[in-house]
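# Compute the structure for the input listed below.
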Amino acid sequence: MDDISQAFDRVIDRSQMSSDKWSKYPKDVLPMWVADMDFDSPPSIKMALNQRVEDGVFGYTHPSSALVSAIQSHLQSRYHWSVSGGHLVHLPGLVCALHLSVRVFSSEGDGIVVPGPVYYHLNKAPLAAKRQLLRVNMCLEEGRWVPDMAQFESACADPKSKMILLCNPHNPGGTVYTKAELSRIHALAEKYDLVVVSDEIHCDLILDDVLHIPFASLNQDAANRTITLMAPSKTFNIAGLGYAFAVIENAALRQAFNDEKAGLIPSPSMLGLTAATAAYQEGQTWHQALLIYLKENRDFLAARIAKTPMKMAHLEATYLAWIDVSALGLKDPHRFFLDAGVGVSDGKDFGNEKFVRLNFGCPRSVLEDAMTRIENALITQGLM
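Below you'll find the predicted structure:
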């Protein structure tokens, strides 16, 4: 475990890798925006990929029984969730599944309930499909970002409402919904007969001693109305290989989803399937070391933020810090950070321009450099 932990400290030069993350900003800016970690992926994944490439035949490939079994074991061992292999839908990514779900399970003009600020594709998917976005504000309660439940019920009760788009763990904000909180949301979905699309891509990145509960695992009604979206991409840093999956227990929903994606959404790539299998079969030791490292990064970042006028609520999951910069009185917070040499995500893309999102999935030395740059900029501007 110590050797693995030390590997997270290694700074990898990604400047020549055609990396989206490292190509967006000038070379003197530390990119800390998109949800893409700067760590080497698990050795077991690299070995599996090398072996598959060595085989030398790259034809059409379907998900193996080994992958299905690995996913089932992973969901059972971590979440006590028993899933039939027949309920899995294999995908090249999660974003396309979000957009597809909105188009399949609602019609133009329907209302889509979305608690936010939230990952921007949960807002984009309804708007791109000409649905009505029914926003529900997230608010701080006892240090955690949770939906305003009065607003939530009002949105669900709207006669136009057809669907809830849920992000759990929440991005940004890092909230891991409790069973009680999920049950309240389910009660609304059941009362107003709404389909639930639950984006759970960050569920394997829990930093505290709390349990992720898949929404569909609450009870049979929840299972019957939910499309659960998951992937190994964020956890094992393999987003570029393109693999995700949906769990859809309801046969009618699953058939409608599959019918609509046919010819529009391709099958996962051969290498994506290979990496996912290795991740779920053999990535557990690396995964546990990652969580320890990310937790230490979170605590380091929180301690440094606390010494500034900025604020950061406690983050239960993810490596994406949601930072309140309202006290700085900046007209353009994103520009301020960029000028300081740190490329964060602009809060207005998620729904609140008074915040920025910072990715701390990087070596500690890089995170320390970033915070030093930010602090120096604050001092120079007389803000600290």
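
# List the contacts of Ala48.
Ala48 makes contact with Thr274, Ala275, Thr277, Ala278, according to Cβ atoms under 8 Å, 6 or more residues apart in numbering. C-beta coordinates here come from the backbone N, C-alpha and C atoms, glycine included.

# For those residues, give me CSV that also has distance to Ile45 and pLDDT.
Shown next, in CSV, are those (distance: Cβ to Cβ, whole Å; pLDDT from 0 to 100):
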residue, distance to Ile45, pLDDT
Thr274, 8, 98
Ala275, 5, 98
Thr277, 9, 98
Ala278, 5, 98
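
# any chance of those in CSV, plus secondary structure?
Converted to CSV, those look like this (DSSP: H, G, I helix; E, B strand; the rest coil):
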residue, secondary structure
Thr274, helix
Ala275, helix
Thr277, helix
Ala278, helix
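
# low pLDDT regions in the protein?
For the chain, applying pLDDT under 70 flags the ranges 1-3.

# Map the structural domains onto the sequence of it.
Listed by automatic domain parsing, the domain ranges of the chain are 2-43+284-380, 58-282.

# This structure: strands as residue ranges?
30-31, 88-91, 111-116, 132-141, 144-147, 161-167, 195-199, 226-230, 244-247, 311-312, 320-324, 342-343, 345-346, 355-359 (DSSP state E).

# what's next to the third one, contact-wise?
Residues from elsewhere that reach strand 111-116 (Cβ under 8 Å, 6+ apart): 102, 106, 122-123, 125-126, 131-138, 147, 152, 155-156, 158, 160-167, 170, 194, 350-351.

# about what we covered before: between the contacts of Ala48, which is closest to Asp55?
Thr274 (9.8 Å; Cβ to Cβ).

# For the closest one, which non-adjacent residue is closest in space?
Nearest residue to Thr274, sequence neighbours excluded (Cβ to Cβ, 6 or more residues apart in numbering): Arg52, at 4.6 Å.

# Can you lay out the domains of the chain as a markdown table showing mean neighbour count?
Listed next are the domains of the chain as a markdown table, based on neighbours: other Cβ atoms under 10 Å:
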| stretch | mean neighbour count |
| --- | --- |
| domain 2-43+284-380 | 18 |
| domain 58-282 | 19 |
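
# returning to that earlier point: let's have the contacts of Ala48 in JSON lines, adding distance to Pro63.
Listed next are these as JSON lines, based on distance: Cβ to Cβ, whole Å:
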{"residue": "Thr274", "distance to Pro63": "11"}
{"residue": "Ala275", "distance to Pro63": "12"}
{"residue": "Thr277", "distance to Pro63": "9"}
{"residue": "Ala278", "distance to Pro63": "14"}
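
# Can you check what angle separates the longest helix along the chain from strand 355-359?
Secondary structure of the chain per DSSP state H: the longest helix is helix 284-305. For helix 284-305 against strand 355-359, the angle by axes from the mean of the first three to the mean of the last three Cα atoms, to 10 degrees is 140 degrees.

# and helix 284-305, what does it pack onto?
Here helix 284-305 touches helix 2-7, helix 233-236, strand 311-312, strand 320-324, helix 364-380, going by 3 or more Cβ pairs under 8 Å, 6 or more residues apart in numbering; DSSP states H and E.

# Just put those in a markdown table and tack on distance to Lys24.
What follows is the helices and strands packed on helix 284-305, written out as a markdown table (distance: least, Cβ to Cβ, whole Å):
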| stretch | distance to Lys24 |
| --- | --- |
| helix 2-7 | 26 |
| helix 233-236 | 18 |
| strand 311-312 | 23 |
| strand 320-324 | 16 |
| helix 364-380 | 15 |
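
# what about these, which gets the closest to Phe215?
Comparing the helices and strands packed on helix 284-305 against Phe215 with Cβ to Cβ, the closest turns out to be helix 233-236 (18.0 Å).

# Using CSV, list the CA coordinates for that closest one.
Output of helix 233-236 as CSV, limited to C-alpha atoms (Å, rounded to 0.1, in the frame of the first residue of the first chain):
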residue,chain,number,x,y,z
SER,A,233,-13.9,6.1,-15.4
LYS,A,234,-13.6,8.6,-12.6
THR,A,235,-12.4,6.1,-10.0
PHE,A,236,-9.7,4.4,-12.0
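
# quick one: contacts of it?
Contacts for helix 233-236 (Cβ under 8 Å, 6+ apart): 35, 37, 41-42, 45, 93-94, 201-202, 204-205, 239, 241, 243-244, 275, 279, 283, 286-287, 290.

# again with stretch 212-222
75, 78-81, 166, 168-169, 176-179, 182-183, 185-186, 189-190, 196, 198, 200, 203-204, 206, 223, 226, 228, 247, 249, 317.

# 6 Å - rerun?
Stretch 212-222 has contacts (Cβ atoms under 6 Å, 6 or more residues apart in numbering) with 79, 81, 176, 179, 182, 186, 190, 198, 203, 206, 223, 226, 228.

# Can you measure across that stretch, start residue to end residue?
16 Å (Cα to Cα, to the nearest Å).

# Likewise for stretch 222-240?
The first-to-last residue distance of stretch 222-240 comes to 32 Å (Cα to Cα).

# quick one: that stretch to chain centroid distance?
8 Å (Cα atoms, centre = their mean, to the nearest Å).

# what does stretch 330-346 give?
Distance of stretch 330-346 from the chain centroid (Cα atoms, centre = their mean) equals 22 Å.

# same deal with stretch 355-366?
Stretch 355-366 sits 15 Å away from the centroid of its parent chain (Cα atoms, centre = their mean).

# got the CA coordinates for it in CSV?
Only the C-alpha atoms of stretch 355-366 are listed here, as CSV (Å, rounded to 0.1, in the frame of the first residue of the first chain):
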residue,chain,number,x,y,z
PHE,A,355,-18.3,29.6,-6.7
VAL,A,356,-15.5,27.8,-8.5
ARG,A,357,-14.8,24.1,-8.7
LEU,A,358,-11.3,22.9,-8.1
ASN,A,359,-10.0,19.4,-8.9
PHE,A,360,-7.6,18.1,-6.2
GLY,A,361,-7.1,14.7,-7.9
CYS,A,362,-3.4,15.5,-8.3
PRO,A,363,0.0,15.0,-6.6
ARG,A,364,0.1,16.9,-3.2
SER,A,365,3.0,19.0,-4.5
VAL,A,366,0.8,20.3,-7.4
